[in-house]
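Asker: this one's sequence-less:
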Ligand SMILES: Nc1ncnc2c1ncn2[C@@H]1O[C@H](COP(=O)(O)OP(=O)(O)OP(=O)(O)O)[C@@H](O)[C@H]1O
Ligand SMILES: O=c1ccn([C@@H]2O[C@H](COP(=O)(O)O)[C@@H](O)[C@H]2O)c(=O)[nH]1
Ligand SMILES: [Mg+2]
């Protein structure tokens, strides 16, 4: 038997939910208590967009229209970010957004990380709309306006829900009602993370 120690792959939890469902808010709590690294695919794309990259104009237009950026861009950004943090576990927030994203993740990342489950924040559209319009008063985001918000909901309902259903069929979705006080949402999230990853 080899004396070499087997290297454990980093764990990944996908964090999905409609626009404004509270993904980023809850990820901050998980980072604090469970030591995960938070990778928001949207934040990575916005940083890439502002970096002078040749994809900047495409990303900017797609974000404003609530469209999904091709995985060749997003998976590369996620993979680089993961490689920057050896031996850490990751919250991949807002990805995979569609089946093309998910296929690319499986093709490129299965040997690199252990994708555990999808944390799915469920919230009514009226509530998410109100939150996003309020956030839009100070966020500076080009997509926190009613026209973009409607497009983002449409993309979420048609493309992203299909990914959540795909993982649901494998019993890999943990659904949390996020139409509550953030503290109450986190009580449920915390018990899910304790179940999978132990105490902190
Ligand atoms: N449970 C909650 N109750 C009320 N407001 C909330 C709750 N969770 C988050 N918010 C607020 O709603 C807005 C959207 O939250 P957040 O940015 O966490 O959502 P998100 O799912 O990451 O959104 P996006 O999909 O646009 O990235 C923020 O202004 C946040 O402070
Ligand atoms: O994997 C992804 C993630 C995001 N996008 C684009 O960015 C915006 C904003 O994403 P947030 O998660 O709300 O920050 C999203 O509407 C998409 O246009 C993407 O293409 N792929
Ligand atoms: Mg977010």
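Answerer: Perfect, thanks for sending it. Keep in mind the model is a prediction, meaning the values are calculated, not measured. Ligands and ions are numbered 1, 2, ... in the order given.

Asker: center of the protein, which residue is that?
Answerer: By C-alpha atoms, centre = their mean, the chain has its centre lying nearest to residue 93, at 1.7 Å.

Asker: So what's the residue count around the residue in the chain that ligand 2 sits nearest to?
Answerer: Using C-beta to the nearest ligand atom, the closest approach of the chain to ligand 2 is made by residue 42 at 2.1 Å. For every residue, glycine as well, the C-beta is placed using N, CA and C. Residue 42 has 19 neighbouring residues, counting by other C-beta atoms under 10 Å.

Asker: so where do the helices sit in the protein?
Answerer: 23-34, 41-49, 56-64, 71-83, 99-109, 125-136, 146-155, 161-169, 182-197 (DSSP state H).

Asker: Check the gap between residue 53 and ligand 1 for me.
Answerer: 21 Å (C-beta to the nearest ligand atom, to the nearest Å).

Asker: count of neighbours near that residue?
Answerer: Other residues close to residue 53 by other C-beta under 10 Å number 15.

Asker: so residue 66 makes contact with residue 146?
Answerer: No - between residue 66 and residue 146 there is no contact under C-beta atoms under 8 Å: 11.8 Å.

Asker: More neighbours: which of these two?
Answerer: Using other C-beta under 10 Å, the more surrounded residue of residue 66 and residue 146 is residue 66, with 18 against 11.

Asker: contacting residues for residue 141?
Answerer: By C-beta atoms under 8 Å, 6 or more residues apart in numbering, the contact set of residue 141 is residue 135.

Asker: Roughly how far does it sit from ligand 1?
Answerer: In this structure, residue 141 and ligand 1 are 7 Å apart, going by C-beta to the nearest ligand atom.

Asker: Just the pLDDT for that residue.
Answerer: As predicted, residue 141 sits at a pLDDT of 98.

Asker: switch to numbering from 46
Answerer: All set: I'll call the first residue 46, so the last point we hit is now residue 186.

Asker: Tell me the spacing between it and residue 75.
Answerer: 22 Å (C-beta to C-beta, to the nearest Å).

Asker: rewinding a little: from the helices of the chain, which stretch is densest packed?
Answerer: helix 86-94 (a mean of 19; mean count of other C-beta atoms under 10 Å).

Asker: Show me what it is packed up against.
Answerer: When contacts are defined as 3 or more C-beta pairs under 8 Å, 6 or more residues apart in numbering; DSSP states H and E, helix 86-94 packs onto helix 101-109, helix 116-128, strand 135-138.

Asker: make it 10 Å
Answerer: helix 68-79, helix 101-109, helix 116-128, strand 135-138 (3 or more C-beta pairs under 10 Å, 6 or more residues apart in numbering; DSSP states H and E).

Asker: Parallel or antiparallel, list what pairs with the last one.
Answerer: Spelled out, that is strand 135-138. If you go by DSSP bridges, strand 135-138 pairs up with strand 56-62 (parallel), strand 82-85 (parallel).

Asker: Which positions in this structure make contact with ligand 2?
Answerer: Within the chain, the residues that sit near ligand 2 (C-beta under 6 Å from any ligand atom) are 64, 85-87, 90, 107-108, 111-114, 119, 139-140, 142, 146, 188, 197.
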